[in-house]
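# next one to model:
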Amino acid sequence: MSSLGSAVLQGHEGQFPDYNNEQIFQRNRLPARAYPLPKDSLLLNGRWDFHYAPTPLHAPDPKQNGQYTPATPDSAVQDELDTTVDEPPHEWTSIDVPGHWQLQGFGKPHYTNVIYPFPVNPPHVPTENPTGSYRRRFTVPASWSTDAQLRLRFEGVDSAFHVFVNSTPVGYHQGSRNSSEFDVTDVVRKDGENEVFVKVYQWCDGSYIEDQDQWWLSGIFRDVYLLALPKTARIEDFFVKTLLDAKYQDATLELTLDVNLGLDVDVVVSLKDRKNGDQPVHHESFSAKAQSGQLKQSISVSNPKKWSAETPNLYHLEIDLVDRKDRTILHSVQSQVGFRQVEIKDGLLLVNGKRILLQGVNRHDHHNKFGRAVPLSYIREDLLLMKRHNINALRCSHYPPDPKLLDLCDELGLWVMDEADLECHGFYDAVARPLEIPEEMDYEERKLLAFPQAAAYTSDNPRWQGQYVDRIESVVQRDKNHPSVIIWSLGNEAFYGQNHKAMYDAAKRIDDTRPVHYEGDAKALSADMFSYMYPSVERLLKLARTEDVSDGKFDKPIVLCEYAHAMGNGPGNLEGYQQAFREVPRLQGGFIWEWANHGLWKDGPDGKSFFAYGGDFGDTPNDGTFVMDGLCNSNHTPTPGLVEYKKVIEPLRATVEGNELVVKNLYDFVSLDHLTAIYRIESFNEEESILLSSGAFDITGIGAGQTKRLSLPSSLNDSTLPDETWLSVSFRLGQATNWADAGHEVAWCQGRLTANRDQAVESHKLGPLRVRTSPTSWTVGDGGFEIVFDRVRGVLKSWTSNSKSLLIEDPLTHAALIPSFWRAPTDNDRPSDDPYWKRYGLNDMTSQLRSASISRQSESTVTISSTTYLAPPILDWGIEADISYTIRSNETVSIKARLNPVGSIPTTVPRIGLDLRLNKDLVAAKYHGLGPGESYPDKMMAQRVGIYESPVAQLSYNYDVPQENGNRMGARWVKLVDETGFGLQSRRVDVDQPFSWTASYHRPEMLDAAKHPCDLVEEDALLLRLDVATAGVGSAACGPGIGEDVQVKCQATSFAFELRRI
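From the prediction side, this is the model:
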């Protein structure tokens, strides 16, 4: 201990401080070990004294002579300081541990995705290096042995820290998300009060390799413990391997113990079946002489229940060191054991001999108020939400999680890719910007130009090798006994260099039972699988055929460590990826980027509250909204994207084929016996759904990967069923699990049972219509209703009925109904489609009248026709629009539109349809189509055909970043009414094809301009959109754009809608 004086910890002449030295990443830290805590452990969480300083040199040191004094400055700068000036006393306050100081009033959060928020000059960090000093007092519990070995354990401190106990320096650690332990036996008073003092630095050289896409937040953000282990005999570490025989039936449990024995002991090992009332499975004892070293033992277990994400069978393992003389238990460790074997065989990733499909998400530690200091209850709710949405895997991006998360994954059943705390993506910009590499250049070309230079900073620099290897060793040693962990990952976006090879070798040296992943290793030289980010489905299929393939054979599987970037309204085309995974065995799934938005709750000075992103705290430079890219909102509630993902990855598929229901089991291991299949047969008309019959299908005995055909009820006969008759089947849990209640819906299907038939046309005697003409308008009505048409502009201006407004004039367009091609951009539109569309002025179209005429077809029918030219300013293209409005005395308006683009037209447009401005009193919607949530052409699988009712205010989806939302596909009709039932019905009448629609209180321009939902200002009207074509959403914020099959081409289009007052 004497060598760890304060001056050494702070740096001295000729040596940089520890936090500025890439070769010093720990001092006096004990070797990493498996996580289980001893029974004698004292949690030190709570309220700690805290001092915040702008630099390490302004921070206090532990108390000396009863006083807290400022740190002794580095001798290298001592002469430059005026030491005769008295420093002011240090101001102390208090702070929560775990927690981040930026979220408790000290400094400010800072978000960057790739770029470093400080100059790139490794290993040096900014002089302005905020430093938090923590202190608290503790006493050793009287029940603990007086000769115990005492340790301080930190589960996570960002970014580096020195620790003192009773003013004595204990050690140093960096590696923010890695656990660290220090032996404090010799400095802790067993019979009195003690003080722990921790000095935490916001920046250290390790910050260069912790450049993950998240907020930069500092402090002690995970649990802190005082631990007591027996001095005379203890298990320092243990490793449990479960090896299955060639038939994947019987198992060998290989047990390796690192022990420190001061006397001879018996090692007693017991194994119990947790799911069978802790029934004993194995019990044995063997002797061990006094020693410090390793003990190994193999235990045969006959046909244990296997662990998988679908069958998380756990056994309870207890290992006791027993005094051979008096039979007292000296030390005991306990662990969950899952019998499973991971291997790569014939080029495929297998668990227990079967190919698995990873249907996963990337998960960061995040809480909108606590940052990465995530409560265990919140972690559990996250994992339960994953399971309930059919997610079976998670990637710990991009660092080891709180260790308790893995206990939950073991219990609930989730495959885990456990990742080293390593990313240095920011070196790319440091290299690329001087080279002027354009962002629009193909990613693979950019990699060739910049990645080798970027790797030279740290990844391919031997001075950093120790720190790289330490980061993989820490996670492997801590988490090696978790059956849920099936893949180690060397980190993320850190290019590739010799240090990754050293990491791979270290991981394999510790653990030869799991494969290793690293996406940055493009040729998989130091990885056991190929990994990619954000390829299109087409490129993915090509890679499966060609990457390291010889004579049609391959040695390594392919996994997408990141795909389907879930930013805002998206991701699109999830089904395309899933089909590829299902059809090509080598493609073994992947991990959506990412689980949840990282917004931080902020109360604004104007009383508005919102989830903040980059720049909202005055943090510069920043990467803005790119931290808002999850399947859950910042409060971790599901977005429509998560609902879509659940449907796409459901573990069975069922379709109606003729008179049969075809059910395919897509589980990897289990049958469908745990599910029930409840069906409903219902028909839909213009008013309601009618239940025709209901019941259940027998789906027992359908094993993993099997398909079964089930006969539909014999009463179903197409000729006797009403039009629009559908079969809906819900597959639900038959019994409660540890992640969902009985009755939870796992999957569902729908199939139409009747073909389209001509609809009967109602015939009513119609009264006469009157037409009034003025120089600027035509007014058509019968005394009870009145429709005004603007002759000057060629547009329908208003519609009133019984003195109530139905359609009202827009003050900007002077119309109540116009053809339209614009929608607010989504996050996925913004990189390319949005600027393209705006370049063509689609957001700024104006109208020029060419002609307008009125004619009477009969006493009760009047048609107004107009030809207008819709075009943006500046440009020489436009759309010739011929629109007719046929008005009948039964208060229906049939609108027929022929749109013909001319000139230098854009290739695509966002949508084609009509914009209507309605009375805001129409507050309720009822519709027949896909629902209940939003849908788009490439994001509609999760929505079901039905008749739905909703308040208009609930039709929009409030994304954390405002954007296009709330579209509903597959509509047959939609009704919008006020509290009395007065309103408007819309339906398409030109073809037997559905349409899409939205109803919102926000203009597209408002959605585009607003930074946060609290910025949105409602219109004094209800805006209805009726579309015959609308573009998909894609995932172009980081990945492929809108697929060609769901683009809206700018081409001649005709359509017709009927509006009816109800």
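# so which helix or strand of this protein has the lowest pLDDT on average?
helix 75-78 (a mean of 36; mean pLDDT, DSSP states H and E).
# quick check: closest non-adjacent residue to S536.
P1040 (4.2 Å; C-beta to C-beta, 6 or more residues apart in numbering). Every C-beta, even on glycine, is put in place using the N, C-alpha and C of the backbone.
# for L769, same thing?
S889 (5.0 Å).
# and Y577, by the same measure?
V537 (5.9 Å).
# K199 too?
H162 (4.8 Å).
# contacts only, for the one you found.
Listed by C-beta atoms under 8 Å, 6 or more residues apart in numbering, the contact set of H162 reads 9, 18, 169, 171-172, 198-199.
# let's see which of those residues end up in strands.
Using DSSP state E, 169, 171-172, 198-199 are the members of those that sit in strands.
# among those, who's most crowded?
K199 (28 neighbours; other C-beta atoms under 10 Å).
# show me what that residue is bridged to.
Beta-bridge partners recorded for K199 (DSSP bridges): S133, H162.
# before we move on, the earlier item: and which of the ones in strands among the contacts of H162 is nearest to H364?
V198 (24.4 Å; C-beta to C-beta).
# the closest residue to that closest one other than its chain neighbours and F164, how far apart?
For V198, ignoring the flanking residues on the chain, the nearest one in space by C-beta to C-beta, 6+ apart is Y134 at 4.3 Å. Using C-beta to C-beta, to the nearest Å, Y134 is found at 10 Å from F164.
# how about L408, what does it touch?
So L408 contacts 379-380, 383 (C-beta under 8 Å, 6+ apart).
# no, scratch that, I was asking about H283
With C-beta under 8 Å, 6+ apart, H283 has these contacts: 268-271.
# switch those residues over to TSV; also include secondary structure.
Listed next are these as TSV, based on DSSP: H, G, I helix; E, B strand; the rest coil:
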residue	secondary structure
V268	strand
V269	strand
S270	strand
L271	strand
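# for the residues you listed, give me JSON lines that also has distance to D960.
Listed next are those as JSON lines, based on distance: C-beta to C-beta, whole Å:
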{"residue": "V268", "distance to D960": "54"}
{"residue": "V269", "distance to D960": "51"}
{"residue": "S270", "distance to D960": "50"}
{"residue": "L271", "distance to D960": "47"}
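# hang on, the earlier thing: so which of the contacts of L408 sit within helices?
379-380, 383 (DSSP state H).
# nearest to E562, of those residues?
L383 (19.8 Å).
# elements contacting the helix or strand where Y679 lies?
Y679 is part of strand 675-684 when elements are defined by DSSP states H and E. Counting contacts by 3 or more C-beta pairs under 8 Å, 6 or more residues apart in numbering; DSSP states H and E, strand 675-684 packs against strand 689-697, strand 725-733, strand 944-951.
# just to revisit the earlier point, give me the lowest-pLDDT entry from the contacts of H162.
The lowest pLDDT within those belongs to L9, with 45.
# hmm, back to that, what residues are up against the residue nearest to S536?
534-537, 573, 1034.
# next one: A677
663, 696-699, 729-731.
# distance of it from W464?
Distance from A677 to W464, by C-beta to C-beta: 56 Å.
# try Q279
50 Å.
# which one of those two has more residues nearby?
Counted by other C-beta under 10 Å, Q279 and W464 do not tie: W464 has more neighbours, with 26 against 10.
# not counting its neighbours along the chain, what's nearest the more buried one?
T458 (4.4 Å).
# the one you found reaches V120, doesn't it?
No: with contact defined as C-beta atoms under 8 Å, T458 does not count as touching V120 (10.8 Å).
# what touches both of these two?
Going by C-beta under 8 Å, 6+ apart, residues that sit against T458 and also against V120 are 208, 427.
# next, the contact list for the residue nearest in space to the middle of the chain, please.
Computing the C-alpha centroid of the chain and ranking residues by C-alpha atoms, centre = their mean puts W595 first, at 1.6 Å. The neighbours of W595, taking C-beta under 8 Å, 6+ apart as the test, are 361-364, 382, 386, 394, 630-632.
# okay if I get the contacts of H283 as CSV plus distance to S858 and pLDDT?
CSV is the format used below for the contacts of H283 (distance: C-beta to C-beta, whole Å; pLDDT from 0 to 100):
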residue, distance to S858, pLDDT
V268, 98, 98
V269, 94, 98
S270, 93, 98
L271, 89, 98
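# among those residues, which one lies nearest to V788?
L271 (83.5 Å).
# any weak-confidence spans in the stretch 251-400 of the chain?
In the prediction, the stretch 251-400 of the chain carries no residues with pLDDT under 70.
# now the strands for it?
With DSSP state E, counting those that start in this stretch, the ranges of strands along the stretch 251-400 of the chain come out as 251-261, 265-273, 279-288, 291-301, 315-323, 329-337, 342-345, 348-351, 354-355, 358-363, 393-396.
# next, the angle from the fourth one to strand 265-273.
Right, the one you point to is strand 291-301. Interaxial angle, strand 291-301 versus strand 265-273 (axes from the mean of the first three to the mean of the last three C-alpha atoms, to 10 degrees): 30 degrees.
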